[in-house]
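Student: got a structure for you, letters missing:
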Ligand code: SF4
């Protein structure tokens, strides 16, 4: 099997993708030549610890297995699991009584847990611990009598799971600035703001400011955007500042992949989301000499490798890693948990 060796290139150094008899690989330390087509490869990128953990949990389950929703939002991974015989369902009611049901990395509501219990399912919980912390933070706020606000995208499984930690309406969803005006009076209740883990921290901050304006109180900071999301976004900003075009590997349903594309587009206006490297059209590389590459937290490294090989074939032989670390302010907050 062809492969690109990892780690490809240390930060600040360059590499060249070469063809060899048994495949192609990146060699560090090759000098840049004038006008050479270059790939800026974000670090970190791709699968996060929570996604790896969820897939490991699923791997550890033997026999007939059902998964609630997609285990992670990546079509390549899900279709490979389907071929292995894993069943994906949208409700515990679709699972035969007594069978094994795996909860995806996005987590579930209390109602779904109750449904699984009612059907006597053997539940294996692959919820990311960082999603669990947001759930716990929201639930703690409700239990303490606070007005709990969740910044997130309605309909996303993670958001449904967080909202489902309270009675319907017990946690208020904020999808956009306009939603703040429709919030109820606080009536003396303290405010707590939590968020979906895969958002852009600046977006959450903007809504926090709006909430502060609306109530005249700064909401207590609950758990929210995870470090993996923030780090990947920081690295993408750096590659977008150098590259004429940014390519993000990620499926359309992947929230964090969509945010990476948006973050890149905000910097250089030219960013594409690719579910698979085969979607890259050669014409998209016309007159482009520098391409930034990253991947969402649910995308496997083998798809990035495939993309690098496609780019090699288009003349991008030089690869430079661009690393960033999480800004401390954006780290997953433990306050209010
Ligand atoms: S993106 Fe963050 S919250 Fe989501 S699975 Fe990865 S580490 Fe967990």
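Tutor: Arrived safely. Predicted, not measured: the structure shown is a model, and the values here were computed from it.
Student: Can you report how many residues neighbour residue 117?
Tutor: The number of residues packed around residue 117, counting by other C-beta atoms under 10 Å, is 11. No exception for glycine: its C-beta is placed from N, CA and C like everyone else's.
Student: Let me see the contact set for the residue nearest to it when sequence neighbours are not counted.
Tutor: The shortest distance from residue 117 to any non-neighbouring residue, by C-beta to C-beta, 6 or more residues apart in numbering, is to residue 123 (8.0 Å). Residues in contact with residue 123 (C-beta atoms under 8 Å, 6 or more residues apart in numbering) are 100-103, 113, 116-117.
Student: how about a cut-off of 10 Å?
Tutor: 68, 92, 100-103, 108, 112-113, 116-117 (C-beta atoms under 10 Å, 6 or more residues apart in numbering).
Student: Next: residue 130.
Tutor: Taking C-beta under 10 Å, 6+ apart, one finds 48-50, 105, 107, 197, 223-229, 332 in contact with residue 130.
Student: Tell me if residue 41 really is in a strand.
Tutor: Yes. Using DSSP: H, G, I helix; E, B strand; the rest coil, the assignment for residue 41 is a strand.
Student: Look up the pLDDT of it for me, please.
Tutor: Residue 41 is assigned 97 on the pLDDT scale.
Student: Is it bridged to anything, and to what?
Tutor: residue 293, residue 321 (DSSP bridges).
Student: so where does the residue of the chain found nearest the ligand fall, helix or strand?
Tutor: Across the chain, no residue is closer to the ligand than residue 50, which sits at 2.5 Å (C-beta to the nearest ligand atom). Assigned by DSSP states H and E, residue 50 belongs to helix 49-59.
Student: List the buried residues in that helix.
Tutor: Buried residues in helix 49-59, counted by 16 or more other C-beta atoms under 10 Å: 50-52, 54-55, 57-58.
Student: Following the chain past that helix, name the next helix or strand.
Tutor: Counting by DSSP H and E, what follows helix 49-59 is strand 65-68.
Student: picking that back up, just give the nearest non-adjacent residue to the residue of the chain closest to the ligand, would you?
Tutor: Closest residue in space to residue 50, ignoring its immediate chain neighbours: residue 128 at 3.2 Å, by C-beta to C-beta, 6+ apart.
Student: contacting residues around that neighbour?
Tutor: 48-51, 53-54, 72, 104-107, 134, 158, 197, 226, 228, 297 are the contacts of residue 128 under C-beta under 10 Å, 6+ apart.
Student: From residue 99, how far off is it?
Tutor: Applying C-beta to C-beta, to the nearest Å, the value for residue 128 to residue 99 is 23 Å.
Student: again, but for residue 207
Tutor: 40 Å.
Student: the more surrounded of those two?
Tutor: Higher neighbour count among residue 207 and residue 99: residue 207, with 21 against 16, using other C-beta under 10 Å.
Student: what separates whichever strand or helix holds the more buried one from the chain centre, distance-wise?
Tutor: Using DSSP H and E, residue 207 maps to helix 201-215. Put simply, helix 201-215 sits 22 Å off its chain's centre (C-alpha atoms, centre = their mean, to the nearest Å).
Student: Neighbours of residue 283, how many?
Tutor: 6.
Student: would it count as being in a helix?
Tutor: Yes. Membership of residue 283 in a helix is supported by three-state DSSP.
Student: one step back: and the residue nearest to residue 117, that's in a strand?
Tutor: Yes. Assignment of residue 123 by three-state DSSP places it within a strand.
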